[in-house]
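A.B. asks: sequence first, then the predicted structure:
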Amino acid sequence: MVLLRQLLGDVLRQLRLRQGRTLREVSAAARVSLGYLSEVERGQKEASSELLSSICKALGVPLSHVLRDVADQLALAELQHEPVMAGAPEHERITAESIPETPEEITGEFRADMVAA
């Protein structure tokens, strides 16, 4: 089972590391203890919406961006671990080959659908 707090922590850690910032720098900017931020990034603590907002501001990214990345990863994890439409006719089933490999592929498909609409 995929835990939301673990996915959220992974996304926050990836953003911080891509920026080349330390836990200490982000915790100071977000006004949260270093230990607590570390626990959030490791998926050991559930962060409140206020704390998430503060961390996102410290990282300079919108909360909606973080939540979108988490949702993309959650969708991918669900597709990889659970049969989708198992009772559907063969031609309508989602197969392992049709599962996008990255969150970017998922969002690209959604954005293409929105542009076409």
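C.D. replies: Received it, and whenever you're ready, just let me know what you need.
A.B. asks: Leu74 and Arg5 touch, don't they?
C.D. replies: No: assessed by Cβ atoms under 8 Å, Leu74 is found out of contact with Arg5, at 11.4 Å. C-beta coordinates here come from the backbone N, C-alpha and C atoms, glycine included.
A.B. asks: residues near Leu23, how many?
C.D. replies: By other Cβ atoms under 10 Å, 14 other residues sit near Leu23.
A.B. asks: give the contact list for it.
C.D. replies: Arg16, Leu34, Leu37, Ser38, Glu41 (Cβ atoms under 8 Å, 6 or more residues apart in numbering).
A.B. asks: do Ser27 as well
C.D. replies: Ser33, Leu34, Tyr36, Leu37.
A.B. asks: hmm, Arg24 and the second one touching each other?
C.D. replies: Think Leu34. Yes: with contacts counted by Cβ under 8 Å, Leu34 reaches Arg24, the gap being 5.8 Å.
A.B. asks: follow-up on the earlier one: buried ones only from the contacts of Leu23, please, as a ChimeraX command.
C.D. replies: Buried residues within these, by 16 or more other Cβ atoms under 10 Å, are selected in ChimeraX with:
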select :16,37,41
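A.B. asks: the contacts of Ser27 in helices, which ones?
C.D. replies: Among those, the members found in helices (DSSP state H) are Leu34, Tyr36, Leu37.
A.B. asks: let me have these in a markdown table, adding distance to Gly60 and pLDDT as columns.
C.D. replies: Output for those, formatted as a markdown table (distance: Cβ to Cβ, whole Å; pLDDT from 0 to 100):
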| residue | distance to Gly60 | pLDDT |
| --- | --- | --- |
| Leu34 | 19 | 96 |
| Tyr36 | 20 | 97 |
| Leu37 | 16 | 97 |
